[in-house]
Every structure is written in structure tokens, then in C-alpha cells.
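**Q** Sequence and predicted structure, then a few things I'm wondering about:
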Amino acid sequence: MLNFSKKLIHWYLQNKRELPWRQTKDPYRIWLSEIILQQTRVEQGMPYYFSFVETYPDVKALADAPEDDVLKLWQGLGYYSRARNLHATAKKVAYEHKGIFPDTYKELKKLKGVGDYTASAIASICFDEAAAVVDGNVYRVLSRIFGIDTPINSTPGAKEFKALAQELIDEKDPATFNQAIMEFGATQCKPKNPYCLHCPFNEGCIAFQQGKISDLPVKKGKIKVRDRFFNYLIFITPDGQTMLQQREGKGIWRGLFDFPLLETEKDLPEARFRESVNSLKITTKEKSIRFSDLPVEEVILQQRDPIIHKLSHQKLHVKFWVVKLSEAPGLQTIAYERLGDFAVPRVIDRFMEDFDFKDFL
DNA sequence: AATACGGGGCT
DNA sequence: AGCCCAGTATT
């Protein structure tokens, strides 16, 4: 389509939103915004962008922060490996690149957490390199206008859309073109109820002309969601202390903190739970004790029905149990006033909002 | 080529 | 309930 980029940029200049990261070409801020915006809506990411810029004004400030602080600031945004990669890359740039970001797509892509999309975005926006971005918006816009039904989440699809975007990009102003096509997808060519009637491309839009707007883009395969059953143990000592553990391994919420946890195959009846929990090993800071060897005074279930917490690949059934101890356990404990210092999953943060330790002292 | 990885908003 | 979001890394 001749003139595509001209029309697109014209539309953009008249319709773009004023966003904080559009006021700068500073690679640190562009990089930060792009990581935050991965699989995340602008409105959801914006508050996090502000707090990161304020807390860590430059890449060195971020590099020198403790990882747990970065995780805490990221709390609630999800996909926490982004925060760990963000921190690792900040260290890399600060101390192996002398605080200067790489200035090409090829070099940017070598950074942790920077894939094809993000490398293209930074290279084009900060350094005017003609590297086409392909994100969810671009897939949608191109699949509809050009009537392409190749599944966007297939290898052929990825190649086809990337090549098309690269063909269409305005090599004189790749920064504006890339942001324009994404903005167009986000606010005009939306997933549901796009504004086709006053779309500048509707005459040439294959999907619109053929009434296939709701059929494009095509996405293959449905993800399966796994049910999991979590029983969180909120220990309470006579002097108002509780226990937290930091999650390790490869699963969800790696690096975040949560309460000692008994995971079960099903939603156990209360009696079965009280039986099973006895053999649970409680571990904080490398020391570990069997639940049954603890000075347990009382175990109180906090809700009859589990709290349902949905993730992209898991459906969590969560119960919280208060465990009153008659004396301090031989494990590391923390004062409940300090719970707010730790990055915790949303489901725990939300539960703590209307939970008062004082009720159990 | 598939799958894991969060949380929230919209329909 | 299902889909999608300025995707990336791992298997």
C-alpha cells in the first residue's frame, strides 16, 4: 500500500496521546518504559513508570539498588522476571558499558529482558534505526488492513508480519512510524469495537471490506489452565511476629515473599488439612522445622471458601490459616509492621489489606 | 514449536 | 468465562 506510512503518521500526529516517555529520547527512560509496557496496558504501567523514574533517576541508581527493593517497587505489576532482568541489565549497562546504552538493535537485543520488540523500539525511538516493531497492536493492524490470516503466534506468522512491517516502515522517521502504528492499534484499531467507520484506512482495509474484522488477527491454540490449592500459614507469636519465606525455583512469583505454604492436590476438608499440615517443613532463612514440632496453640481458618486468584496459566484456590504460637519458634521471624517492606504476590497483598494481626494477640 | 510467566480491564 | 495487553526466556 503506497502512502501507508504517510497516512499513518499523519493520523498519529493528530491523535497521539501525550505520554511521559514521549517527552524524551533518553535510552534509560525509553528502555524502562518498554520493559514496563511488555504485556501491560499503558494505564496500568504508568504509575510504575513514575515511581521508578523518581526512585531511580538514572541507570546507575537502579544498578546500585538491592534487588529486593526493585522487586518491591515492581510489586503488583506481574511477570516479575521483568524486574529481575531490569536490574541485571542496569548493572550490566552501568558497569560494563560505562553507563551508556548500546545504540543498535543488534547490541540492544543482547541485553537480558530485551527481545526483538524492545530492541527495535529502543533502536528506533532513541537512535533512529529503521527497525520495525511488531507487538500485539502491529499484528492486529496489519492482519486486518492486509487481510492476513497467518496465525500471529506461529513461526511463519512472526516472520511474515515482521517482514511486512519492515517493508512499510518510514526509514526517514522510524521512531514516529513505530509509535504511530502501535498507537493506532491501541486506540483506533482496537481488539473489540474498533472505529472502522471513521478509519483513514477503511477503504483499503481488507478485513473491513470483507466483514472479517472480528476474525483477525488469527491466533492458534488455547492455553490450558492448571488448578492449584494453596494453604498459607500466617504464624503469630505472642510478641507480634510472623514468618515469611522467599520463593525460589522456577515457578510463579520467583523472588517474591510469601507465607509458609502447604500446597495440596485438592481443596481439603478442614480436618484433613489439620492432619496433613503436621508433616509440613517450615523453612525460613535455611533453618527448617516440622510444623508438629512447633509450639502451636491454635489454628484458625480465615475463610470458608477459598479465594480464587487467576493467573494466565493457573487458577489458584487460596486459603489463609492463622497459626497462633505459644512461644517464639526457633526460626527467623519478622514483626508484622515490617511486612510492607517485602514484595509479595497480589493475592497476599490484597488479603493483608483487610487483615489485622492485633485481632490475634 | 510449545509453554510458562501476573494482573487487570473489557465484553 | 474468554480474550487481550508497547513480549521474553526456557523447554
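**A** Yes, it's here.

**Q** what kind of secondary structure is the residue of the stretch 151-300 of chain A found nearest DNA strand C in?
**A** At 3.6 Å from DNA strand C, A:Met182 is the closest residue in the stretch 151-300 of chain A, using C-beta to the nearest atom of the strand. Placement of C-beta: from N, CA and C, glycine included. Per DSSP: H, G, I helix; E, B strand; the rest coil, the secondary structure class of A:Met182 is helix.

**Q** Would you check that it makes contact with A:Asn137?
**A** Yes: if you go by C-beta atoms under 8 Å, A:Met182 and A:Asn137 touch, sitting 4.5 Å apart.

**Q** Buried ones in stretch A:135-151, by neighbour count?
**A** Neighbour counts over stretch A:135-151 (16 or more other C-beta atoms under 10 Å) mark A:135, A:137-148, A:150-151 as buried.

**Q** Give me the secondary structure label for A:His309.
**A** strand.

**Q** I'd like to know how many residues surround it.
**A** 18 (other C-beta atoms under 10 Å).

**Q** Can you name the residues that contact it?
**A** Applying C-beta atoms under 8 Å, 6 or more residues apart in numbering to A:His309 gives the contacts A:315-316, A:318, A:346-347.

**Q** Swap in 6 Å and give it another go.
**A** By C-beta atoms under 6 Å, 6 or more residues apart in numbering, A:His309 lies in contact with A:316, A:318, A:347.

**Q** Okay, and the beta partners of it?
**A** Beta-bridge pairing of A:His309 under DSSP bridges involves A:Leu316.

**Q** Check which helices and strands the helix or strand harbouring A:Gly185 sits against.
**A** Element membership for A:Gly185, per DSSP states H and E: helix A:174-187. Where contact means 3 or more C-beta pairs under 6 Å, 6 or more residues apart in numbering; DSSP states H and E, helix A:174-187 is packed against helix A:4-15, helix A:116-127, helix A:136-145.

**Q** Can you lay out those as JSON lines showing distance to A:Glu171 and mean pLDDT?
**A** Compiled in JSON lines, the helices and strands packed on helix A:174-187 are given as follows (distance: least, C-beta to C-beta, whole Å; pLDDT from 0 to 100):
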{"stretch": "helix A:4-15", "distance to A:Glu171": "9", "mean pLDDT": "96"}
{"stretch": "helix A:116-127", "distance to A:Glu171": "10", "mean pLDDT": "98"}
{"stretch": "helix A:136-145", "distance to A:Glu171": "17", "mean pLDDT": "98"}
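
**Q** Same list (the ones you listed) but as JSON lines, adding distance to DNA strand C.
**A** What follows is the helices and strands packed on helix A:174-187, written out as JSON lines (distance: least, C-beta to the nearest atom of the strand, whole Å):
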{"stretch": "helix A:4-15", "distance to DNA strand C": "10"}
{"stretch": "helix A:116-127", "distance to DNA strand C": "3"}
{"stretch": "helix A:136-145", "distance to DNA strand C": "3"}
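
**Q** Among those, single out whichever gets nearest to DNA strand B.
**A** DNA strand B sits nearest to helix A:136-145 of all these, at 10.5 Å, using C-beta to the nearest atom of the strand.

**Q** and whatever residue of the stretch 201-350 of chain A ends up closest to DNA strand B, how far is that from A:Ser81?
**A** Residue of the stretch 201-350 of chain A nearest DNA strand B, by C-beta to the nearest atom of the strand: A:Ile252 (3.2 Å). According to C-beta to C-beta, to the nearest Å, A:Ile252 and A:Ser81 sit 10 Å apart.

**Q** more crowded one of those two?
**A** Set A:Ile252 next to A:Ser81 and count neighbours by other C-beta under 10 Å: A:Ile252 wins out with 16 against 11.

**Q** helices or strands next to the helix or strand bottoming out on mean pLDDT in chain A in the packing?
**A** With mean pLDDT, DSSP states H and E as the measure, the helix or strand of chain A carrying the lowest mean pLDDT is strand A:281-284 (a mean of 90). With contacts defined as 3+ C-beta pairs under 6 Å, 6+ apart, the packing partners of strand A:281-284 are strand A:287-290.

**Q** who's in contact with the strand it packs on?
**A** A:281-282, A:331.

**Q** touching DNA strand C at all, the helix or strand hosting A:Lys324?
**A** Element membership of A:Lys324 [criterion: DSSP H and E] is strand A:314-325. No: using C-beta under 7 Å from any atom of the strand, strand A:314-325 stays clear of DNA strand C, with a minimum separation of 8.5 Å.

**Q** after that strand comes which helix or strand?
**A** strand A:334-335.

**Q** Neighbouring strands of that following strand in the sheet, and parallel or not?
**A** In the sheet, strand A:334-335 lines up with strand A:241-242 (antiparallel) (DSSP bridges).

**Q** separation between the residue nearest to A:Tyr195 when sequence neighbours are not counted and DNA strand B?
**A** Spatial nearest neighbour of A:Tyr195, chain neighbours left out: A:Gln188 (5.4 Å); criterion: C-beta to C-beta, 6 or more residues apart in numbering. Using C-beta to the nearest atom of the strand, to the nearest Å, A:Gln188 is found at 14 Å from DNA strand B.

**Q** gap between A:Gln188 and A:Cys205?
**A** With distances taken as C-beta to C-beta, A:Gln188 is found 11 Å from A:Cys205.
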